[in-house]
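Quick one, what's the 3D model for this:
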Amino acid sequence: MPEQKIVVATIAVAAISAVMVALVSSLLVTNTTLHNNGNVKSIGVDVYWDQACTNKTSSMDWGTLEPNVTRNVNVYIKNSGTAGAKLSMTTSSWNPTAASNYISLSWNCTNYVLQQGQIVGARLTLSVSSAISGISTFSFDITITGTES
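Coordinates of the predicted model:
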């Protein structure tokens, strides 16, 4: 029995020692903050209704469309970043989802390289398939991306 008390006491001392070491170690941690500076290239493109780039485009209303119809919308894209940008366009968030099977969007600026501060006219073309049915309204998002060239 006395040996058992010694083992329990030894374990208790070891556990208390471990806790004390952890507490002391946490008090010895220091932090250093380093000041940083540098230049960041921004690659930004903005879309406007007018060539002077004063009327920013935030949405498009394609109006009422019928099967087998193509509609064009002209916009202007400005590189507001600090480097050349290769343009691309994607669509997403189709509602209803099935609309993307019958309606497509294309444009004339795929892979066009837009230099810093440059403006280019873009023609967006929405095409509705003659096979469309069961869709009376639709919506989707257009993303125009400038990737450093």
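
which SS class is Gly63?
coil (DSSP: H, G, I helix; E, B strand; the rest coil).

how far away is it from Arg123?
According to C-beta to C-beta, to the nearest Å, Gly63 and Arg123 sit 16 Å apart. Every residue, glycine included, has its C-beta placed from N, CA and C.

Next: Ser59.
If you go by C-beta to C-beta, the gap between Ser59 and Arg123 works out to 18 Å.

re earlier: mind checking which of Gly63 and Arg123 has more residues around it?
Arg123 (12 against 8; other C-beta atoms under 10 Å).

show me what contacts that one?
Contact partners of Arg123, counting by C-beta atoms under 8 Å, 6 or more residues apart in numbering, are Asn72, Val73, Asn74, Trp107, Asn108.

Excluding covalently adjacent residues, which one is nearest to the last one?
In other words, Asn108. Arg123 (4.9 Å; C-beta to C-beta, 6 or more residues apart in numbering).

Distance check, the one you found against Lys78.
For Arg123 relative to Lys78 (C-beta to C-beta), the value is 16 Å.

Next: Asp141.
According to C-beta to C-beta, Asp141 stands 20 Å off from Lys78.
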